[in-house]
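Q: sharing a sequence plus its predicted fold:
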Amino acid sequence: MNGANGYRTLKEDPERPIQRDYERGHEDPISVLTGLCREMYRLGWVTGTGGGISLRQGRFVYMAPSGVQKERIRPDDVFVLDSESGEVLCRPEHAPTLRVSQCCPLFFNAFRLRDAGACIHTHSPVAVMATMLPATELESEFRITHLEMIKGLPGYGYHDTLVIPLIDNTAQEEELAGAMAEAMKRYARSPAVLVRRHGLYAWGRDYTEAKTVTECLDYLFDIAVRMHSAGLDYTKAPQNCLQCSAADR
Ligand SMILES: [Zn+2]
């Protein structure tokens, strides 16, 4: 059965997930996904086939294949999965060897535990550097405070300390799923999880929020690295902040 973008469904699915959502007036999730992959590649977040993004729209989850160059993903390379069961509903028929992204169980953590509409995974160099700074090297969290861009994260203000849980890397991407889920439960306010010497998983209620969250975090990681290089402490309030108690400084 032909769907939008020259797709074929795995089964004779009368609901035709790709066409149906598009026809309902939503943005075409597959165009959004391939476009964001190109933008994320340009930012250096998903080079060397690493990293990725997944979108959820109603019953359907859209995900790139594993091990492909993210800036060259075509609409008919994208997998469609059932958001409840995780079952693959549509797969790229032109390339039977393609497998769904290894990030799949990690993206599903964001959909199931946070009701996210999108989840982004980056291998951004500054995110990786942020997991190796002295303040985080032996810790299970990354902390930063008193920076304007913290306000870009839902529910956070300038004076707040943003705390992102940090989990240890594993040999295979899928093996991170359990530790990520545990960290998400322990840090209920956090919109992201860092993976040591690996990268970042961040999510939002839709792709625009997930993109904003990821951009703000990437900026904050970059500032943390620069502040550390300059001998400044990004985990503490500045001495001259009158709104913060002496204990915070
Ligand atoms: Zn990764």
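A: The structure has been received and is ready for your questions. Numbering: from 1, shown residues only.
Q: buried ones in stretch 186-194?
A: 187, 190-194 (16 or more other C-beta atoms under 10 Å). Backbone N, C-alpha and C define where each C-beta goes, glycine included.
Q: of those residues, closest to Ala224?
A: Nearest to Ala224 among the buried residues of stretch 186-194 is Leu194, at 11.3 Å by C-beta to C-beta.
Q: wasn't that closest one part of a strand?
A: Yes: Leu194 sits within a strand when classified using DSSP: H, G, I helix; E, B strand; the rest coil.
Q: mind checking the SS state of the closest residue to it other than its chain neighbours?
A: Using C-beta to C-beta, 6 or more residues apart in numbering and skipping residues adjacent in sequence, the residue nearest Leu194 is Leu166, 4.5 Å away. Classification of Leu166 using three-state DSSP returns strand.
Q: and stretch 93-104, what's buried?
A: For stretch 93-104, the neighbour count (16+ other C-beta under 10 Å) marks 98, 100-104 as buried.
Q: start and end of it, how far apart?
A: Stretch 93-104 stretches 19 Å from its first residue to its last (C-alpha to C-alpha, to the nearest Å).
Q: any low-confidence regions in the protein?
A: When residues are selected by pLDDT under 70, those of the chain lie in 1-26, 246-249.
Q: got the domain ranges for it?
A: Domain ranges of the chain: 1-101, 103-249, per automatic domain parsing.
Q: can you give me the helices in this protein?
A: Remark: helices assigned in the chain by DSSP state H are 17-23, 29-42, 104-114, 125-130, 134-137, 177-186, 207-229.
Q: packing partners for the shortest one?
A: Meaning helix 134-137. Here helix 134-137 touches strand 141-145, going by 3 or more C-beta pairs under 8 Å, 6 or more residues apart in numbering; DSSP states H and E.
Q: what is the burial count for Ser66?
A: For Ser66, the neighbour count with other C-beta atoms under 10 Å is 16.
Q: likewise for Leu33?
A: Neighbour number of Leu33 under other C-beta under 10 Å is 22.
Q: doesn't Leu55 make contact with it?
A: Yes: counting by C-beta atoms under 8 Å, Leu33 does reach Leu55; the two are 5.6 Å apart.
Q: how many residues are close by the residue nearest to Ser83 when sequence neighbours are not counted?
A: Once flanking residues are discounted, Ser83 sits nearest to Val61: 4.8 Å by C-beta to C-beta, 6+ apart. Number of residues near Val61 (other C-beta under 10 Å) recorded here: 26.
Q: swap in Gly58?
A: By the criterion of other C-beta under 10 Å, Gly58 has 13 neighbours.
Q: against Glu87, how distant is it?
A: Distance, Gly58 to Glu87, using C-beta to C-beta, to the nearest Å: 15 Å.
Q: I figured Tyr156 hits Val163, correct?
A: No: using C-beta under 8 Å, Tyr156 is not in contact with Val163, being 10.0 Å away.
Q: against Ala202, how distant is the most centrally placed residue in the chain?
A: By C-alpha atoms, centre = their mean, the chain has its centre lying nearest to Ile120, at 2.1 Å. Ile120 is 5 Å from Ala202, where distance means C-beta to C-beta.
Q: just Asp82 next, same as before
A: Remark: distance between Asp82 and Ala202 (C-beta to C-beta) = 24 Å.
Q: kindly report the same for Ala188.
A: Using C-beta to C-beta, we find Ala188 at a distance of 15 Å from Ala202.
Q: and what of Ser66?
A: Separation of Ser66 from Ala202 (C-beta to C-beta): 20 Å.
Q: with His228 instead?
A: For His228 relative to Ala202 (C-beta to C-beta), the value is 21 Å.
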